[in-house]
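# this one's structure only:
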Ligand code: C2E
Ligand code: MG
Ligand code: MG
Ligand code: MG
């Protein structure tokens, strides 16, 4: 047991004990068990995609969706949020097969929605850094499009600033290959990393997503309001559409609309929902009152 382990570690050498506390032991064990569960989850079909609608702020209509992964471990009957397992999936490389599953599934769901007679809907998929392998990402995306039959211009990839700034010259080439295919590109969580503005101008992206940390206090914190306004005007001067994420109040909505933001997503309109519920919203043509 843990106490014995610590005692042995102390016995073994001068400073060993500090690398081997019971708490660390427990964490390592938990991590290993989470990792093996995560490995199994893909085989056992325990992941699901939920979709959060994005609203066009001029019309109030659903303009597209963002695919957000959830995990329902067997016999546990609860949804595990991606912030608890995506980082581990990244560290272990499991993000690669998981990410391929997400890409294919999101495309397939949207192709099915379209075939059921609903108007074509853009779907955005999050691509994390480890998953964005310059050698393979283009082929992976193409395979998902071919296998699902979805039009490339209905797929958007959400990339983070830190990813694109990692190795900008190489990334720019890959982004052009994706654009040439017809895929849309967005920079997620904009404002939290640091982008070089001269690179930003050279990235062939279509959208900036204002990080929700700036949206949260838009009505109370003058600094957040200034940043949000600056991102909107920066995006527009570069010819990009701007999306606000995490919009959960009428006050935030009014600010964004008055400042010319193009799209929003957030709890004010809807959480991320299972595909059947999304279908239902689209059939009812659920709208947001924007004026
Ligand atoms: P993200 O891409 O920035 O996604 C936005 C997150 O904000 C989502 O959390 C969404 O549920 C949440 N959100 C939306 N509206 C509101 C709101 O009004 N208020 C608040 N407080 N939150 C809101 P979620 O689904 O837990 O995802 C967290 C992060 O996990 C995502 O951030 C993304 O970075 C990552 N992630 C999710 N799904 C995937 C995936 O399929 N692949 C990869 N690589 N990463 C994913
Ligand atoms: Mg995102
Ligand atoms: Mg985001
Ligand atoms: Mg985020």
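Thanks, I have the structure now. From a predicted model like this one, the values you see are computed outputs, not experimental measurements. Ligands and ions are numbered 1, 2, ... in the order given.
# in this structure, which spans are strands?
For the chain, the strands defined by DSSP state E occupy 47-56, 62-71, 122-126, 155-160, 184-190, 207-210, 241-245, 263-265.
# which outside residues touch the last one?
In this case it means strand 263-265. Outside strand 263-265, the residues that touch it by CB atoms under 8 Å, 6 or more residues apart in numbering are 52-57, 63-64, 66, 207, 241-247, 253, 256. Every residue, glycine included, has its C-beta placed from N, CA and C.
# mind doing that once more with 10 Å?
If you take CB atoms under 10 Å, 6 or more residues apart in numbering as the criterion, strand 263-265 is touched by 52-58, 62-66, 124, 207, 209-210, 212, 215, 241-247, 252-253, 256-257, 272, 288, 290.
# before we move on, back to that, now mean neighbour count too, for the strands of the chain, in a markdown table please.
Below are those laid out as a markdown table (neighbours: other CB atoms under 10 Å):
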| stretch | mean neighbour count |
| --- | --- |
| strand 47-56 | 22 |
| strand 62-71 | 23 |
| strand 122-126 | 23 |
| strand 155-160 | 22 |
| strand 184-190 | 23 |
| strand 207-210 | 26 |
| strand 241-245 | 25 |
| strand 263-265 | 25 |
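# can I get the ones you listed in JSON lines with distance to residue 26 and mean pLDDT?
Output for the strands of the chain, formatted as JSON lines (distance: least, CB to CB, whole Å; pLDDT from 0 to 100):
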{"stretch": "strand 47-56", "distance to residue 26": "26", "mean pLDDT": "98"}
{"stretch": "strand 62-71", "distance to residue 26": "22", "mean pLDDT": "97"}
{"stretch": "strand 122-126", "distance to residue 26": "31", "mean pLDDT": "98"}
{"stretch": "strand 155-160", "distance to residue 26": "31", "mean pLDDT": "97"}
{"stretch": "strand 184-190", "distance to residue 26": "32", "mean pLDDT": "96"}
{"stretch": "strand 207-210", "distance to residue 26": "37", "mean pLDDT": "97"}
{"stretch": "strand 241-245", "distance to residue 26": "35", "mean pLDDT": "98"}
{"stretch": "strand 263-265", "distance to residue 26": "38", "mean pLDDT": "98"}
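# and residue 37, which of the ones you listed is closest to it?
Across these, residue 37 has its closest neighbour in strand 62-71 (8.9 Å, CB to CB).
# the closest one close to ligand 1?
Yes - judged by CB under 6 Å from any ligand atom, strand 62-71 comes into contact with ligand 1 through 67-69.
# what angle do strand 122-126 and that strand make with each other?
40 degrees (axes from the mean of the first three to the mean of the last three CA atoms, to 10 degrees).
# can you tell if strand 62-71 touches ligand 2?
No - contact of strand 62-71 with ligand 2 is not found when judged by CB under 5 Å from the ion; the minimum separation is 5.5 Å.
# spit out the contact partners of the residue nearest to residue 131 when sequence neighbours are not counted.
Nearest residue to residue 131 in three dimensions, chain neighbours excluded: residue 99, at 4.2 Å (CB to CB, 6 or more residues apart in numbering). Going by CB under 10 Å, 6+ apart, residue 99 touches 69, 86, 89-90, 125-128, 130-133, 137, 140, 144.
# flag every residue of the stretch 101-250 of the chain that's near ligand 3.
So the stretch 101-250 of the chain meets ligand 3 at 188-189, 245 (CB under 5 Å from the ion).
# sorry, back to before: going by distance to ligand 2, which of the residues of strand 62-71 next to ligand 1 wins?
Nearest to ligand 2 out of the residues of strand 62-71 next to ligand 1 is residue 68 (CB to the ion; 7.5 Å).
# if I look at that closest one, how far off is residue 25?
33 Å (CB to CB, to the nearest Å).
# quick one: the helices in the protein?
2-12, 22-43, 82-92, 95-115, 137-148, 161-166, 168-181, 197-202, 212-216, 222-237, 250-258, 275-284 (DSSP state H).
# save those helices as TSV, and put in mean pLDDT and distance to ligand 2 too.
Written out in TSV, the entries for those read as follows (pLDDT from 0 to 100; distance: least, CB to the ion, whole Å):
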stretch	mean pLDDT	distance to ligand 2
helix 2-12	47	39
helix 22-43	85	20
helix 82-92	93	10
helix 95-115	97	12
helix 137-148	98	16
helix 161-166	88	12
helix 168-181	96	16
helix 197-202	88	18
helix 212-216	96	10
helix 222-237	96	15
helix 250-258	97	17
helix 275-284	97	16
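# done for today, thanks.
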